[in-house]
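A.B. asks: Predicted model and sequence follow; I will ask about them next.
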Amino acid sequence: MISTVKDLAAEALFVSYLQPSESPTRASLEQAITMMILRHGSDGCAAGVATEFGDHPEAAVRRMAWVHAALAEVLAPPRVPVLH
């Protein structure tokens, strides 16, 4: 189940308007993912990814690498400072 959620989030972020150059915040990443899922559904997000990989494979690979890096930060547990 977790893998499916991660895959859907990756596809939704991939088809979103966000660009790596914007250095999006966690909140803007979450908002973009939610908006794309609501707008396109899971099948629509997957279709958008497939289209880009077919039409522009080199750019799609770079974008998906950014997507996975951005999601790793979003999905990582929050860092809690250790008090001594």
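C.D. replies: That came through fine.

A.B. asks: How about the secondary structure of the most centrally placed residue in the chain?
C.D. replies: When the chain is reduced to its mean C-alpha position, the closest residue under C-alpha atoms, centre = their mean turns out to be Leu13, at 3.0 Å. When the structure is split into helix, strand and coil by DSSP: H, G, I helix; E, B strand; the rest coil, Leu13 lands in helix.

A.B. asks: what does Arg79 give?
C.D. replies: coil.

A.B. asks: Can you check the distance spanned by stretch 73-83, start to finish?
C.D. replies: Across stretch 73-83, the terminal residues are separated by 23 Å (C-alpha to C-alpha, to the nearest Å).

A.B. asks: hmm, back to that, if we ignore the residues flanking it in sequence, what's nearest the residue nearest to the centre of the chain?
C.D. replies: In space, not counting the residues next to it along the chain, Leu13 is nearest to Val67; the distance is 4.9 Å by C-beta to C-beta, 6 or more residues apart in numbering. Glycine gets a C-beta too; all of them are placed from N, C-alpha and C.
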